[in-house]
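Q: build the 3D model from these lines:
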Amino acid sequence: MNFIRSNIKWIMLAGGVLTCTMALAIVAPQLALQRTFGATLEGPLAEVVVRSWGMLVTLVGAMLIYAAYRPVHRPLVLLVAAVSKAALLLLIAGPGREFAATAAPVIVADGLMVVLFIVYLLSIKAGHHDAPSRSL
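A: Residues are numbered from 1 along each chain as shown. Purely as a prediction, here's the structure:
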C-alpha cells in the first residue's frame, strides 16, 4: 500500500496515457473496435456511439493526467475512473464474454488500474495518507 500511495502520481500518469489511447475510437472507430474487441459495428449510429465512447474514455484518461498534478481532485477522478473501468470489465465478463480473448490487454490494464485506484482510495479514507485539503 505504501508503494501505491507514494507513487500515485506516476500510476495516474501511466494510467491516463494508456486510457487516452482510446482517442483512436474518435478518429477511427472501426479500427479501435477491431483492435480492442476483434469485431466491428456497422452503420451511422455505430459511428456516433463508438466515437462518443472513445471521447468519454479519452476524457477519463485526461482527467487522470490532470489529477496526477492536482492532488485535491484525485479522489473524485480515481473513483470515476475505477467505476468506469470496472463497468467495462463486468460487461466483458458478462454479455461480452466472446470478446474477452481479444480484449485481454484491456482486461489486464484496466483491472490493474481498478485495483490500484481502489487501494489508494481506501488508504486515504482510512487515514493512512494525508488526504488532500478540501478548502474552497
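Q: my guess is Asp110 contacts Leu89. True?
A: Yes - contact criterion CB atoms under 8 Å: Asp110 and Leu89 qualify, at 5.9 Å. C-beta here means a position set from N, CA and C on the backbone, and glycine is covered the same way.
Q: can you tell me the closest non-neighbouring residue to Arg74?
A: Ala67 (4.8 Å; CB to CB, 6 or more residues apart in numbering).
Q: and the helices in the chain?
A: 2-6, 8-20, 24-27, 29-37, 44-68, 74-93, 104-125 (DSSP state H).
Q: higher neighbour count, Asp110 and Leu89?
A: Asp110 (23 against 18; other CB atoms under 10 Å).
Q: for the more buried one, give its distance to Met1.
A: Asp110 sits 20 Å away from Met1, going by CB to CB, to the nearest Å.
Q: same deal with Ala39?
A: Ala39 sits 39 Å away from Met1, going by CB to CB.
Q: what sits against the spatially closest residue to Ala32 that is not a sequence neighbour?
A: Distances taken as CB to CB, 6+ apart put Ala25 closest to Ala32, at 3.7 Å, once the chain neighbours are dropped. Counting by CB atoms under 8 Å, 6 or more residues apart in numbering, Ala25 touches Ala32, Leu33, Val50, Arg51, Trp53, Gly54, Met55, Val57, Thr58.
Q: repeat that for Tyr69.
A: Here Tyr69 is in contact with Lys9 (criterion: CB under 8 Å, 6+ apart).
Q: okay, now the residue lying closest to Asp110 once chain neighbours are set aside: neighbour count?
A: Nearest non-adjacent residue to Asp110, counting by CB to CB, 6+ apart: Lys85, 4.1 Å away. Look at Lys85: counted by other CB under 10 Å, it has 23 neighbours.
Q: can you check the pLDDT for the residue lying closest to Leu13 once chain neighbours are set aside?
A: In this structure, Leu13 finds its nearest non-sequential neighbour in Ala68, 4.8 Å apart by CB to CB, 6+ apart. According to the prediction, Ala68 has pLDDT 98.
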